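Engineer: one predicted model, sequence on top.
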Amino acid sequence: MRRRYVVALIKHETNTFSPIATPLASFGHGEGPAFGDAARAAFEGTATPMAAYLDLARAQNAEVVTPVAAESWPSNKASRATFEALVRPLEDAVRAGCDAVLLDLHGAMVIEDCDDAEGEIVQRLRRIAPDLPIAVTLDYHTNLSGTLVDHATVITGYRTYPHVDMYEAGMRTGRILAGALDGTVLPVMAWGWRPLIASVMRHAPEDGPSGDILAFARRMEADGTVLAATLLPSFPHADTPHTGVSAIVVADARRGGREDAHAVCAHMLDVAWERRAEYVFRAPPLAASVARAKALGLASPGAPVLLIDHCDNCGSGGAQDVMAVVAEILRQQLDDVAIAPIRDPQAVAVMVGAGVGQHVRLSLGGRTDMPAIGLKGTPLEVEGRVQAITDGTFTIEGPMYTGIRTHLGRTAVLDTGRVEIVVTERPHEPFDLGVFTHAGIDPRTKRYVMLKSRIHYRAGFGPIASHIVECAGAGVTNADLSVYPYRKLPRPIFPLDPM
Ligand SMILES: [Zn+2]
């Protein structure tokens, strides 16, 4: 009998302090959510778990149904109606009958009336089909809940940041589930949580304790102790009762794996807890960081110095229009700078209206107030020449999200003389050189490149940089976790409380 798989993607990293709304149209990399065959077409051949599931099904000659593929840039909570529009097609597909469900979820999705969207999705499928094998691949920035674990069969996640292993993670999840269907493994899961929120600026394997924990997890997989061991260093900008560092381990119950899974999981979390101080990020003052970057650029021409504007990253819910770091770059008169991207549809409209080659004066950015953290939007007065106008569409070359077609909306480049600024209508975290090259700028030839990003920029821009300087501006992805008015977070929790 040919197997029938339901394969679906519903992803949102919800920053509950973000000023950005999450309408249904925001899902789908700029083109809205995709349903049915369009869902498959949008993700087939891409570096994503969904694509891995599709490849696995093809190799098994299984029938595949793809009810929905929907992924939004991080922002605030979606409405119940938006969530239902994404989940109901998935429920219908499961109700129609299948041998397994393979889900590509985030792990930090919050909706207006539910703090645990992924838990709700899997629980609803479990009600429809009590014995159905359900596999879930999660983002690294997951706040894991017991509800999700209770109702899933296999859960694994990414183990890189930037997330360049999304496809491999999906393939690992899918293969374990296929083994369960074949009867060659009997998956059993152990998970745990610690009262610890880790600054995202300290999540990368090379920056904090995560690297050693991930290396231990790999050893436990390689020697056959467990099938998959996943560290989930949390998404601290979602205020929920289950926010915090967690781990989940899958082992084979037929080989006595239950105890091994618990032991491996406990060791991973013990290391995270013992080294919790290393998950705290402390940023120098902005002016000092920009001055340091300026000096580095003057001392080492030939490859750009990256200035990382990490407090306003749309890849974690930022407005992408806070101008603090740009203003400081202009004030200190850095020369030969490329900046991307500032999201400001009104400024784009002014530049498009003027046309390429024309001189314009603009109030740039600062359109967005951030009441959750008491920050008022402040535009920056700039003037210069409109250097380019594009439709903002390009295909990502990778290594992250390779093959995805992305849409910045209409895009215009302002050249102030010292600085070239890419201004877009839609959000986009710069992790691929295409954000510049599609608009005719080669970032490799610049002395300085400023990016609104936290860690993902390293995927495309790490290899071209001479130096990297993190610049603390302002916004809802601030690494200083004390700026957020948490209400639902379990307390006490490190580092907000003495522990
Ligand atoms: Zn992530």
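Structural biologist: Cool, the structure landed.
Engineer: need the helices for the stretch 51-200 of the chain, in chain order.
Structural biologist: 80-95, 117-128, 146-151, 166-182 (DSSP state H, counting those that start in this stretch).
Engineer: can you add distance to the ion and mean pLDDT and give these back as a markdown table?
Structural biologist: Bear in mind the C-beta positions are built from the backbone N, C-alpha and C, glycine included. Shown next, in a markdown table, are the helices of the stretch 51-200 of the chain (distance: least, Cβ to the ion, whole Å; pLDDT from 0 to 100):
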| stretch | distance to the ion | mean pLDDT |
| --- | --- | --- |
| helix 80-95 | 19 | 98 |
| helix 117-128 | 14 | 98 |
| helix 146-151 | 16 | 98 |
| helix 166-182 | 10 | 98 |
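Engineer: so can I have JSON lines of those showing mean neighbour count?
Structural biologist: Shown next, in JSON lines, are the helices of the stretch 51-200 of the chain (neighbours: other Cβ atoms under 10 Å):
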{"stretch": "helix 80-95", "mean neighbour count": "18"}
{"stretch": "helix 117-128", "mean neighbour count": "21"}
{"stretch": "helix 146-151", "mean neighbour count": "18"}
{"stretch": "helix 166-182", "mean neighbour count": "22"}
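Engineer: any residues of the stretch 1-150 of the chain in contact with the ion? List them.
Structural biologist: Within the stretch 1-150 of the chain, the residues that sit near the ion (Cβ under 5 Å from the ion) are 139-141.
Engineer: neighbour-wise, which of the residues you listed leads?
Structural biologist: If you count neighbours using other Cβ atoms under 10 Å, the busiest of those is Y140, which has 30 neighbours.
Engineer: wait, that one touches T156, no?
Structural biologist: No - in this structure Y140 lies outside contact range of T156 using Cβ atoms under 8 Å: 11.2 Å.
Engineer: what's near enough to touch whatever residue of the stretch 1-150 of the chain ends up closest to the ion?
Structural biologist: Going by Cβ to the ion, the ion is nearest to H141 of the stretch 1-150 of the chain, at 3.7 Å. When contacts are counted by Cβ atoms under 8 Å, 6 or more residues apart in numbering, H141 touches 13, 106-108, 200, 203, 232-235, 316.
Engineer: that's a strand at V423, yeah?
Structural biologist: Yes - according to DSSP: H, G, I helix; E, B strand; the rest coil, V423 belongs to a strand.
Engineer: show the pLDDT at H29.
Structural biologist: Looking at H29, its pLDDT is 69.
Engineer: what is the neighbour count of the closest residue to S234 other than its chain neighbours?
Structural biologist: Leaving out its chain neighbours, the residue that sits closest to S234 by Cβ to Cβ, 6 or more residues apart in numbering is V245, at 4.9 Å. Neighbourhood size, V245 [other Cβ under 10 Å]: 31.
Engineer: next up, the contacts around the closest residue to R202 other than its chain neighbours.
Structural biologist: Nearest residue to R202, sequence neighbours excluded (Cβ to Cβ, 6+ apart): G208, at 4.0 Å. Shown in contact with G208 (Cβ under 8 Å, 6+ apart): 198, 202, 275, 278-279.
Engineer: R444 belongs to a strand, doesn't it?
Structural biologist: No - secondary structure of R444 (three-state DSSP): helix, not part of a strand.
Engineer: in the stretch 1-150 of the chain, where is pLDDT below threshold?
Structural biologist: By pLDDT under 70, the weakly predicted segments of the stretch 1-150 of the chain are 29-30.
Engineer: 90 - rerun?
Structural biologist: 1, 28-32 (pLDDT under 90).
Engineer: for the protein, what's the longest strand?
Structural biologist: strand 380-390 (DSSP state E).
Engineer: tell me who's in contact with D99.
Structural biologist: By Cβ under 8 Å, 6+ apart, the contact list for D99 reads 3-5, 62, 133, 181.
Engineer: and the closest residue to the ion within the stretch 201-350 of the chain, backbone torsions?
Structural biologist: Closest to the ion within the stretch 201-350 of the chain is F235: 7.4 Å, counting by Cβ to the ion. Backbone torsions for F235, taken as degrees, to the nearest 10, come to phi -120, psi 100.
Engineer: does it touch G244 like I think?
Structural biologist: No - using Cβ under 8 Å, F235 is not in contact with G244, being 9.7 Å away.
Engineer: quick check, central residue of this structure?
Structural biologist: G315 (5.6 Å; Cα atoms, centre = their mean).
Engineer: for my notes, confirm that one occurs in a strand.
Structural biologist: No - assessed with three-state DSSP, G315 is helix; it does not lie in a strand.
Engineer: excluding chain neighbours, give the residue nearest to it in space.
Structural biologist: Distances taken as Cβ to Cβ, 6+ apart place E429 nearest to G315, at 3.2 Å, with adjacent residues excluded.
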